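Undergrad: I'll drop the sequence and a predicted model, then ask my questions.
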Amino acid sequence: MGFRDLSIEYSYETGQDDLVNDFYIPVLSKSVNYDRIAGFFTSSSLAVAARGISGLIRNCGKMRVIACPRMDNLDTKTIERVCNHPEEYLDRHLLPAIDKFENEIQRDHVSALGWMLANGYLEIKIALVKNSHTDSFDSDSLFHQKIGIMTDYNGDRLSFSGSINETASGWLKNVEEFKVFKEWEIGQGSYLDADVKRFDEFWCNQRPNTLIIPLPIAIEKKLIQIASEFSIERFIATDYIRTRKEKNVDDRLSLFPYQQTAFETWKNNECSLFFEMATGTGKTRTAIACINHFMKNAAPGIIIISCPQSTLSMQWKTEMESIGLKFDSTIIADGSNRNWRDALQKELKLLSVGFHKIAVVYTTHTTASDNDFVTIMSDLIGKTKVCFVGDEAHGLGAYRSKNALLNIYSHRVGLSATPSRWFDEYGTGVLLSYFGNRSFQFAIAQALTTINPLTNKPFLVEYEYHPIFISLTDDEIEQFKQLTLRIKKMAAYSKHSDEYQQKLERLLFLRANIEKNAVLKYDALANILQSLNITNTLIFTTDAQINTVMCMLQQRRIISHRFTQEQKTIRENKYNGMSERQYLIAKFKEGYYQALVAIKCLDEGIDIPIANTAIIMASSTNPREYVQRIGRVIRQAKEKKRAYIYDFVLEPDLNRLEDPDLVDFEYQIFKKEMTRVKDMSANSINNAQVLAEINEKLRRVSHGAQ
């Protein structure tokens, strides 16, 4: 793409047009050469047009400037330093990646000036007005011509001429106007040729009334004058960048109506709320709107993002950066950073004395509830306000994790598709109370039927649910029966004894493992692997199953990888600066891995929209677990039309249970399992078919129990 693909007007005027965003940045970003005659030049113009300048450099382009010798003090010092010690700017790590150069220019445009000069992306010559009677220059006269000539990758050229200087004031504040001449437009070529001829003659010092001096010589002969009025340029550029960033963040957030309602509800509930929203419906983006509001209205302030695992924390970091939120400091406080305690203490002190305004901490529930973290925050918070975001916040209701819920945190956002804690009314109550005793709800059913106006599709993709019924082997049923008899006896004793309660829980755990690890599940998995084209697939197993499942996949040449606690969360060079978990997810998204085999690590919050099939070999009756697993595969993605869930369900063989009491007991357990199946199928497109199958199963089992 080049200039002809842009909408370029014939003239631009302050007050009528946005000179920077309508013309300067888009044209500059398509350029491979930019020749500029400007009465005045300051590095602040680089900051204002940072996106365009980074585009010019990305295109391996060059900027040549002719300007008068009146310059900004800091710019002059930098120019002198570059001329005398260019190696300092050649070696400095200003350009770690070309995509980050825009931010580097905005952060420090004076250093960017030095880097561009030293690396050949910018060349400046000084224009002095000659005395009409001698060859000396006239110190009372100023060189004040203004034209710009740009060339794109296709060789097309345009020029602009008018009153505008190459300064922040020129592009942003002054009342300016200029005409644009496009070489490819009929009748405009002669105007452009005249501008090109004028620049070339000045650049080559061929005009009789001016003396053009290369920058090093001008520095050596001390011809550059310090102009104090340019000091305001830095403030103009900084203010523009700050305002633009705020506007960009608001534009990029662009909340959907239900997200905007959630955000407004949070504000109206004293900035404390639980977002009870289905996976894939934008809980994170809605929370970032709250964070953005906090950043605008609370300084000094610190944002704490607490997640169940660091992989999810890094997803937050990527999302925040992509939207454009800027922080004075970023701290990773988890097991991957041994120095987080010192970093957190230092940052709180910088905030307290006003050196920093906004900082962010990415942490885990484990670290956020750690005594050291709690003590540091409690002792050093002072008047600094805190926005605490608990993602997958149901985990913060656990006995140990509740320590993270400090009353000194003024702004609170809780996120969870399933905030109620299973069999823990007290923990659930603590969470709801902490997050304002109120929640905003947007469930799976709503997300499947609400149309996203940007895609004209529902927010979540439709899914099929297929329960795969499994029976126990004779050996397993015998073990199951023996454990059930012991459980029945122990249940009576456990009502009055903690010791027997613990024994009962252990027996229940052992029996549940028989169900979860039933041998015939491998035959059922083999049938699924045979019948499906395995790709974009997540397989959920137990610890005992994962090795066998990996072998089954390898035998069928299905490229897969395990995703467990064994995979590290520390960033390493061999994973391109990512953690092993992040790297595996990236390779899965690329299509390198056809399947990921997980135990628990993929249950909460990990964003893999490309996944469209879930095979659940083992599941509990905890609603949170199975709702989260549905959420892993029903996110919308390009060319994704439907998701598929295969859920292994244990079906009791009542013919093998002789004791009538045991038969009735197993019937009650099966009914509970069917509740899970009903919940998982409730929003599926084949719900009627599944319900018919469930009812038939219940009828048969009920008949056997009588």
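TA: Great, that's in hand.

Undergrad: next SSE downstream of the least confident helix or strand in the chain by mean pLDDT?
TA: Least confident helix or strand of the chain, by mean pLDDT, DSSP states H and E, is helix 231-253 with a mean of 62. Next in sequence after helix 231-253, counting helices and strands by DSSP states H and E, comes helix 257-268.

Undergrad: need the CA coordinates for that next one. PDB is fine.
TA: The C-alpha coordinates for helix 257-268 follow below in PDB (Å, rounded to 0.1, in the frame of the first residue of the first chain):
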ATOM      1  CA  PRO A 257     -24.000  -2.700  25.800                       C
ATOM      2  CA  TYR A 258     -24.000  -5.500  28.400                       C
ATOM      3  CA  GLN A 259     -20.400  -4.800  29.300                       C
ATOM      4  CA  GLN A 260     -21.100  -1.100  29.600                       C
ATOM      5  CA  THR A 261     -24.000  -1.900  31.900                       C
ATOM      6  CA  ALA A 262     -21.700  -4.000  34.000                       C
ATOM      7  CA  PHE A 263     -19.100  -1.200  34.200                       C
ATOM      8  CA  GLU A 264     -21.800   1.400  35.200                       C
ATOM      9  CA  THR A 265     -23.100  -1.000  37.800                       C
ATOM     10  CA  TRP A 266     -19.600  -1.300  39.300                       C
ATOM     11  CA  LYS A 267     -19.300   2.500  39.500                       C
ATOM     12  CA  ASN A 268     -22.700   2.900  41.100                       C
END
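
Undergrad: and the next helix or strand after it, what does it pack against?
TA: Next helix or strand after helix 257-268 toward the C-terminus (DSSP H and E): strand 272-277. Under the contact criterion of 3 or more C-beta pairs under 8 Å, 6 or more residues apart in numbering; DSSP states H and E, strand 272-277 touches helix 257-268, helix 283-297, strand 411-415, helix 425-434, strand 439-442. For the C-beta atoms, the positions are set from N, CA and C on the backbone; glycine is no exception.

Undergrad: residue contacts, residue 144?
TA: Contact analysis of residue 144 by C-beta atoms under 8 Å, 6 or more residues apart in numbering lists 39, 68.

Undergrad: kindly recompute the last result at 10 Å.
TA: Going by C-beta atoms under 10 Å, 6 or more residues apart in numbering, residue 144 touches 37-40, 68, 127, 129, 163, 165.

Undergrad: and it, what's its pLDDT?
TA: Predicted confidence (pLDDT) for residue 144: 74.

Undergrad: assumed it was part of a helix.
TA: No - using DSSP: H, G, I helix; E, B strand; the rest coil, the assignment for residue 144 is coil, not a helix.

Undergrad: need the helices and strands packed on strand 272-277 in a markdown table with distance to residue 401, mean pLDDT and mean neighbour count, can you?
TA: A markdown table is the format used below for those (distance: least, C-beta to C-beta, whole Å; pLDDT from 0 to 100; neighbours: other C-beta atoms under 10 Å):
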| stretch | distance to residue 401 | mean pLDDT | mean neighbour count |
| --- | --- | --- | --- |
| helix 257-268 | 22 | 94 | 17 |
| helix 283-297 | 19 | 93 | 21 |
| strand 411-415 | 13 | 95 | 25 |
| helix 425-434 | 9 | 83 | 16 |
| strand 439-442 | 19 | 92 | 19 |
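
Undergrad: reformat the ones you listed as TSV; add distance to residue 275.
TA: Output for these, formatted as TSV (distance: least, C-beta to C-beta, whole Å):
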stretch	distance to residue 275
helix 257-268	6
helix 283-297	5
strand 411-415	5
helix 425-434	12
strand 439-442	6
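
Undergrad: outline the domain layout of this structure.
TA: Annotated domains of the chain cover 3-240, 254-454, 463-474+519-705, 475-517 [automatic domain parsing].

Undergrad: so how far is the first one from its chain's centroid?
TA: Put plainly, it is domain 3-240. Relative to the centre of its chain, domain 3-240 is centred 35 Å away, using C-alpha atoms, centre = their mean, to the nearest Å.

Undergrad: for the nearest residue to residue 682 once chain neighbours are set aside, pull up the helix or strand it's in.
TA: Nearest residue to residue 682, sequence neighbours excluded (C-beta to C-beta, 6 or more residues apart in numbering): residue 445, at 7.6 Å. Assigned by DSSP H and E, residue 445 belongs to helix 444-449.

Undergrad: roughly how far does the residue nearest to residue 682 sit from residue 683?
TA: Residue 445 sits 5 Å away from residue 683, going by C-beta to C-beta, to the nearest Å.

Undergrad: more neighbours, the two?
TA: Remark: of residue 445 and residue 683, residue 683 carries more neighbours, 21 against 12, as counted by other C-beta atoms under 10 Å.

Undergrad: you'd agree that one is up against residue 630?
TA: Yes - counting by C-beta atoms under 10 Å, residue 683 touches residue 630, with 8.2 Å between them.

Undergrad: mutual contacts of those two, please.
TA: By C-beta under 10 Å, 6+ apart, residue 683 and residue 630 have these common neighbours: 278, 444, 460, 463, 465.

Undergrad: how far away is the last one from residue 646?
TA: Right, residue 465. Using C-beta to C-beta, residue 465 is found at 9 Å from residue 646.

Undergrad: circling back to that earlier point, and of the shared contacts of residue 683 and residue 630, the nearest to residue 368?
TA: residue 278 (24.7 Å; C-beta to C-beta).

Undergrad: report the contact partners of the closest one.
TA: So residue 278 contacts 417-418, 441-448, 459-460, 627, 630-631, 634-635, 683 (C-beta under 10 Å, 6+ apart).

Undergrad: if you set the cut-off to 8 Å instead, what comes out?
TA: So residue 278 contacts 417, 442-444, 446-447, 460, 631 (C-beta under 8 Å, 6+ apart).

Undergrad: and the two most separated of those residues?
TA: Distance extremes for the contacts of residue 278: the farthest pair is 446 and 631 at 13.8 Å, using C-beta to C-beta.

Undergrad: who's more crowded, those two?
TA: Shown here are residue 446 and residue 631; by other C-beta under 10 Å, residue 631 has more neighbours (23 against 17).

Undergrad: look up phi and psi at that one.
TA: When read as degrees, to the nearest 10, the backbone of residue 631 gives phi -60, psi -20.

Undergrad: my guess is it meets residue 281, correct?
TA: No - Residue 631 is beyond contact range of residue 281, at 9.3 Å (criterion: C-beta atoms under 8 Å).

Undergrad: measure stretch 47-65 end to end?
TA: In stretch 47-65, first residue to last residue: 16 Å (C-alpha to C-alpha, to the nearest Å).

Undergrad: in that stretch, which residues are buried?
TA: Within stretch 47-65, the residues that count as buried by 16 or more other C-beta atoms under 10 Å are 47-57, 59, 61-65.

Undergrad: doesn't residue 161 belong to a strand?
TA: Yes - counting by three-state DSSP, residue 161 is found in a strand.

Undergrad: look up phi and psi at the residue lying closest to it once chain neighbours are set aside.
TA: Closest residue to residue 161 apart from its sequence neighbours, by C-beta to C-beta, 6+ apart: residue 147 at 4.3 Å. Reported as degrees, to the nearest 10, the phi and psi values for residue 147 are phi -140, psi 160.

Undergrad: what's around residue 147, how many residues?
TA: Each residue near residue 147 was counted by other C-beta under 10 Å, and the total is 22.

Undergrad: how about the contacts made by it?
TA: 36-37, 159-161, 195, 198-199.

Undergrad: one more time with 10 Å, if that's ok
TA: Contacts here follow C-beta under 10 Å, 6+ apart; on that basis residue 147 touches 35-38, 66, 159-162, 164, 178, 181, 194-196, 198-199, 202.

Undergrad: if any of these are buried, put those into a ChimeraX selection.
TA: Burial among the contacts of residue 147 is assessed by 16+ other C-beta under 10 Å; the matching ChimeraX selection reads:
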select :35,36,37,38,66,159,160,161,164,178,181,195,196,198,199,202
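
Undergrad: which other helices and strands contact the helix holding residue 445?
TA: On a contact count with 3 or more C-beta pairs under 10 Å, 6 or more residues apart in numbering; DSSP states H and E, helix 444-449 meets strand 272-277, strand 457-458, helix 623-633.
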